[in-house]
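Chemist: Give me a 3D structure for the following:
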Amino acid sequence: MGPRIPRRDQESIYPKYCCLMLILFKPWRSVSELKQAEQTWTDSFEKFRRTCDKKIVSILNNMQILHECKDSRDD
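Modeler: Next comes the predicted model:
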């Protein structure tokens, strides 16, 4: 099926998570619309998350809850 969507609670892959969430949820036509050249993916995502629609925040939260439910199931 392809790679999984990364979790936001794993510090080592958080920048990758930020990048992918921006690609999925922020309208863009070029990379410069996703982040500024001097900006990290994390900084750009945090800024986006503060200003995006509440529906997107809800989707992001639900994606994380799905990971946590899978963890609980496997315990």
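Chemist: Report all helices and strands that the longest helix that the chain contains contacts.
Modeler: Taking DSSP state H as the criterion, the chain has its longest helix at helix 54-74. Here helix 54-74 touches helix 14-25, going by 3 or more CB pairs under 8 Å, 6 or more residues apart in numbering; DSSP states H and E. The C-beta positions use only the backbone N, C-alpha and C, and glycine is treated the same way.
Chemist: mind listing what's buried in the helix it packs on?
Modeler: For helix 14-25, the neighbour count (16 or more other CB atoms under 10 Å) marks 14, 17, 18, 19, 20, 21, 22, 25 as buried.
Chemist: wait, doesn't the first one sit right on residue 8?
Modeler: Yes. With contact taken as CB atoms under 8 Å, residue 14 and residue 8 are classed as touching, separated by 6.4 Å.
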